[in-house]
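Visitor: Sequence first, predicted coordinates after that:
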Amino acid sequence: MSTQHPSWLTFAAAIFLVMWSTGYVATMFGLGFIEPIAFLALRFACVVAIMAVLFVILWPPLLRTRAEWGHLAIVGFLLQAMYLGMCYMSFSVGLLVGILALILAMQPIFVGLVTPRWASEAISWRQWVGLILGLIGAVVVITARSEVASPAPIGFVCAVLALIGISGGSLWEKRFGVSRHPVTANLVGFAAGLAGVLPFVIAFESMQISWAWQLIGSLVYMIIASSLIAIGLLLAMIRVGEVSKVSALFFLVPPLAAVSACLVLEEVMPSVGWLGMILADLGVFVATRNGSEPVSL
């Protein structure tokens, strides 16, 4: 049985993909002037400060119960501290970006396996075909651009924790998320993320910052595009759409990030990589089509 979704959902998906994918390139401009987790903590602190000012000015409606506050904080911790924090930690211990992206490309499959029992969404055979095609396409793109290396095992641990964070945050939002004012949602979510990454900054980094226009530009872009717009759209799409379909969009992130790197950083994309992009696009198209019959799992 197909479900009628609001018309803005298509545009939201396109905007989310562009801003989420280009965030990888934008981050690279800033990391030359600040340590990874310190960059993330500074980004979160800026968002919390902005939201706190807006909260005082607008005084938006508050959530009704302690449980709603708790669910909002859990989603914020999983998406901000655990997912992004572990991604940055994996960078700091030398895990290649390509290998990290390959592990994170498993997110739609992971969500697809858990969704039927966690979020009460049946996954159709068509969606499974799309998810598999998307995974194959993402693997082709990533392996076409990656070099073989043997990073420290802790890098793989951080990458798996990041995968659990983004998957868990998506599933938790789908099951327990409710409509709330974006100022309240961002304030609580990013405060939880900031509280989650600060111990890593204190424990592992020197907290030294070399201020430069590249760092400032990167920070501003990540605050506005990634932290406010992209995260907000992701949570909105999860609430009104099927979490398995929204998760399938993540197969397009590695290919789009590769295109951004080619255009901005002049990184070379091998010919076989373009084939992977086509497969990833096809997989998302198949997985997100309406009208497929669900299969009982």
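Guide: That came in fine, so what should we check first?

Visitor: three-state assignment of P61?
Guide: Three-state call for P61 (DSSP: H, G, I helix; E, B strand; the rest coil): coil.

Visitor: residues near it, how many?
Guide: The tally of other residues near P61 (other Cβ atoms under 10 Å) stands at 10. Where you see a C-beta, it was placed from the backbone N, CA and C, and this is true even at glycine.

Visitor: quick one: contacts for it?
Guide: Shown in contact with P61 (Cβ atoms under 8 Å, 6 or more residues apart in numbering): R180, H181, T184.

Visitor: Please, which helix or strand holds the last one?
Guide: Counting by DSSP states H and E, the element that carries T184 is helix 182-204.

Visitor: right, and L17 touches S260 too?
Guide: No - with contact defined as Cβ atoms under 8 Å, L17 does not count as touching S260 (10.9 Å).

Visitor: Can you point out the buried residues in the helix holding T184?
Guide: For helix 182-204, burial by neighbour count (16 or more other Cβ atoms under 10 Å) applies to 183-198, 200-201.

Visitor: That helix - contacts with which helices or strands?
Guide: With contacts taken as 3 or more Cβ pairs under 8 Å, 6 or more residues apart in numbering; DSSP states H and E, helix 182-204 sits against helix 36-58, helix 66-76, helix 85-92, helix 231-240.

Visitor: which one of those helices has the most crowded surroundings?
Guide: Highest mean neighbour count among these (mean count of other Cβ atoms under 10 Å): helix 85-92, with a mean of 23.

Visitor: I136 is nearest to which of the helices and strands packed on helix 182-204?
Guide: Shortest distance between I136 and the helices and strands packed on helix 182-204, using Cβ to Cβ, is found for helix 85-92: 22.8 Å.

Visitor: contact partners of that closest one?
Guide: Counting by Cβ under 8 Å, 6+ apart, 31, 35-37, 39-40, 97, 100, 104, 155, 158-159, 161-162, 165, 193, 196-197, 200, 204 sit against helix 85-92.

Visitor: ok and that helix relative to helix 36-58, angle-wise?
Guide: Calculated by axes from the mean of the first three to the mean of the last three Cα atoms, to 10 degrees, helix 85-92 forms an angle of 150 degrees with helix 36-58.

Visitor: Can I get helix 85-92 in CSV, CA atoms only?
Guide: Extracted in CSV, the C-alpha atoms of helix 85-92 (Å, rounded to 0.1, in the frame of the first residue of the first chain):
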residue,chain,number,x,y,z
GLY,A,85,32.6,12.3,16.8
MET,A,86,33.7,8.8,15.8
CYS,A,87,34.1,9.8,12.2
TYR,A,88,36.5,12.5,13.2
MET,A,89,38.3,10.1,15.7
SER,A,90,38.8,7.7,12.8
PHE,A,91,40.4,10.4,10.8
SER,A,92,42.7,11.3,13.7
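
Visitor: Could you check how far the closest residue to V253 other than its chain neighbours is from L263?
Guide: Among residues not flanking V253 along the chain, S21 sits closest, at 5.2 Å (Cβ to Cβ, 6 or more residues apart in numbering). Between S21 and L263 the distance, using Cβ to Cβ, to the nearest Å, works out to 11 Å.
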